[in-house]
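*Asks:* Below is the structure, and that's it, no one-letter string:
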């Protein structure tokens, strides 16, 4: 499941690294503050892998960022744990690069095309019933 959220980078936790059977790994967790109704909420996100940790390193505490992430849960010894694993972090308000297209021109009400409505059918417009003829094939 891919989600996005904008907020303020509140805290960056220390970088953690190690080695597993699949090779070396690096991760860094960070806290994001975001508006939740009348209050401010916080969530802990995970930057997994050297590339994502380097992307996170471009931002300082207090920066407004937009985070794209996946929500995952896993069970261990009867308890469930959630991961908010990022796959992209960008400055808040940044729009994805799109080809430049001219903006559509706004038309005033006077310039709107005139549509004519057809008159409602009358009884004279209805086909005449022929006696003995059935429309239904059964």
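*Replies:* Ah, there it is. Only a predicted model underlies this, so the values are computations on that prediction, with no experimental measurement involved.
*Asks:* residues in contact with the closest residue to residue 92 other than its chain neighbours?
*Replies:* Nearest non-adjacent residue to residue 92, counting by Cβ to Cβ, 6 or more residues apart in numbering: residue 64, 3.7 Å away. Glycine gets a C-beta too; all of them are placed from N, C-alpha and C. Taking Cβ atoms under 8 Å, 6 or more residues apart in numbering, we find residue 64 in contact with 6, 7, 8, 9, 91, 92, 93.
*Asks:* from these, which would you call buried?
*Replies:* Using 16 or more other Cβ atoms under 10 Å as the burial test, the contacts of residue 64 include 6, 7, 8, 9 as buried.
*Asks:* Can you report how many residues lie near the closest residue to the last one other than its chain neighbours?
*Replies:* In this case it means residue 9. Spatial nearest neighbour of residue 9, excluding adjacent residues (Cβ to Cβ, 6+ apart): residue 63 at 4.9 Å. Residue 63 has 13 neighbours, counted by other Cβ atoms under 10 Å.
*Asks:* so residue 63 touches residue 91, yeah?
*Replies:* Yes. Counting by Cβ atoms under 8 Å, residue 91 is a contact partner of residue 63 at 7.3 Å.
*Asks:* Any stretches of this protein with poor pLDDT?
*Replies:* Scanning the chain for pLDDT under 70 picks out the ranges 1, 94-118, 123, 125-138.
*Asks:* can you give me the strands for it?
*Replies:* 2-12, 16-20, 23-36, 39-48, 64-76, 79-91 (DSSP state E).
*Asks:* So for residue 55, which of those strands sits nearest?
*Replies:* strand 79-91 (5.3 Å; Cβ to Cβ).
*Asks:* Going by neighbour count, list what's buried in the closest one.
*Replies:* So, applying 16+ other Cβ under 10 Å, buried residues of strand 79-91: 84, 85, 86, 89, 90.
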